[in-house]
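Enquirer: sequence and predicted model, in that order:
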Amino acid sequence: MLTAILKLDLFYWDIFLITLSQYVEALTVNQWGYLCQVTNTMSLRRFLGYSDGELMRSDAKPCSRLMRHTAGIYSVGGALGFWILCRLHYGPRITNPRSLRWAACGAVTVSSSTALLVRLFSPECEPQNIAAYDNKK
């Protein structure tokens, strides 16, 4: 009885894997497969319905420059914010290496997370705008 249940479970697991692989293949083949477009282009705007797929103006800032500028600005803010958090957390026991470590971690964390948010939600970072306006080196 137990072997029959195990065989039945394995049979359903195989069916699930087959249908899952067909679904992923259908997403990559079909034009409306937004899930695969999200993993390939890292833009959530079309997936969430905020984009109609049109090109932006040619004088707008490209995605790579927008991400670089945003990360640079927010790295300063992250360093200052985490430095203040370190001062509040440790109080009089603070040391220079400890505060610099907290500031560096804050700069890296905040700048990378804001750059990721810009990449995911900015209209300049949609795939058609990246292909049209970002310089490929």
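Expert: Structure's in. What do you need?

Enquirer: where does the prediction get shaky in this protein?
Expert: For the chain, applying pLDDT under 70 flags the ranges 1-41, 136-137.

Enquirer: that one: helices as residue ranges?
Expert: For the chain, applying DSSP state H gives helices covering 2-29, 34-41, 45-48, 63-90, 96-121, 127-133.

Enquirer: can you give me the buried ones in stretch 71-84?
Expert: Neighbour counts over stretch 71-84 (16 or more other CB atoms under 10 Å) mark Ala71, Tyr74, Ser75, Gly78, Ala79, Gly81, Phe82, Trp83 as buried. C-betas here are computed from N, CA, C, even on glycine.

Enquirer: just stretch 96-111 next, same as before
Expert: Buried-residue list, stretch 96-111, by 16+ other CB under 10 Å: Ser99, Trp102, Ala103, Gly106, Ala107, Thr109, Val110, Ser111.

Enquirer: now do the contacts for the residue nearest to Leu44 when sequence neighbours are not counted.
Expert: Distances taken as CB to CB, 6 or more residues apart in numbering place Leu120 nearest to Leu44, at 4.7 Å, with adjacent residues excluded. Taking CB atoms under 8 Å, 6 or more residues apart in numbering, we find Leu120 in contact with Met42, Ser43, Leu44, Arg45.

Enquirer: among those residues, which ones are in strands?
Expert: Within these, no residue falls in strands by DSSP state E.

Enquirer: which of those has the largest number of neighbours?
Expert: Neighbour counts for those peak at Ser43, which has 25 neighbours (criterion: other CB atoms under 10 Å).
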